[in-house]
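[1] Any chance you can model this:
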Amino acid sequence: QVQLQESGPGLVKPSQTLSLTCTVSGGSITTTYYYWTWIRQPPGKGLEWMGAIAYDGSTYYNPSLKSHISISRDTSKNQFSLQLSSVTPEDTAVYYCAQAWLPRGGYDYWGQGTQVTVSS
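    Just a heads-up that it's a prediction; the model follows:
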């Protein structure tokens, strides 16, 4: 069974870059045809798909975030990472990583989520 675990700072200052890493166990991030996804849920709101990195390294981003988001991977560590630049308090959310069989949607496994607060 695939397990995912998010890690990173829980508090980020406005205008800084939010960086999170998802460590995957029980499966390889290069396995065809999986997509490794970042999703977030702001307080009181629904889930927002942020983007994904595919088994072959291709990336897919939510157009609303495209100028601020970057997703990368380290295949030697079986990890993938999220960077969100120029954050504002509106980026405060629980951030999840997930394995999916589509670039957007089709989630099989989720991490437990990590709270990130953007505040000075």
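[2] which phi and psi does the residue lying closest to Gly111 once chain neighbours are set aside have?
    Among residues not flanking Gly111 along the chain, Leu4 sits closest, at 3.9 Å (Cβ to Cβ, 6 or more residues apart in numbering). (Each C-beta comes from the backbone N, C-alpha and C, glycine too.) Here is the backbone geometry of Leu4 (degrees, to the nearest 10): phi -130, psi 140.
[3] now Leu4, which residues is it bridged with?
    Note on Leu4: beta-bridge partners by DSSP bridges are Val24.
[4] My understanding was that it contacts Tyr95; is that so?
    No: with contact defined as Cβ atoms under 8 Å, Leu4 does not count as touching Tyr95 (11.7 Å).
[5] dump the residue contacts of the residue nearest the centre of the chain.
    Nearest to the mean C-alpha position of the chain, by Cα atoms, centre = their mean, lies Trp38 at 2.6 Å. The contact partners of Trp38, taken as Cβ atoms under 8 Å, 6 or more residues apart in numbering, are Leu20, Cys22, Met50, Gly51, Ala52, Ile71, Leu82, Tyr95, Tyr96, Cys97, Ala98.
[6] Throw those residues into CSV and include distance to Pro43 and neighbour count, thanks.
    Listed next are these as CSV, based on distance: Cβ to Cβ, whole Å; neighbours: other Cβ atoms under 10 Å:
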residue, distance to Pro43, neighbour count
Leu20, 18, 22
Cys22, 21, 28
Met50, 16, 24
Gly51, 21, 23
Ala52, 24, 26
Ile71, 23, 22
Leu82, 19, 24
Tyr95, 13, 22
Tyr96, 14, 22
Cys97, 19, 30
Ala98, 20, 22
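[7] how about CSV for those, with secondary structure and distance to Thr114 added?
    Shown next, in CSV, are the contacts of Trp38 (DSSP: H, G, I helix; E, B strand; the rest coil; distance: Cβ to Cβ, whole Å):
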residue, secondary structure, distance to Thr114
Leu20, strand, 7
Cys22, strand, 9
Met50, strand, 13
Gly51, strand, 17
Ala52, strand, 18
Ile71, strand, 16
Leu82, strand, 11
Tyr95, strand, 5
Tyr96, strand, 8
Cys97, strand, 9
Ala98, strand, 13
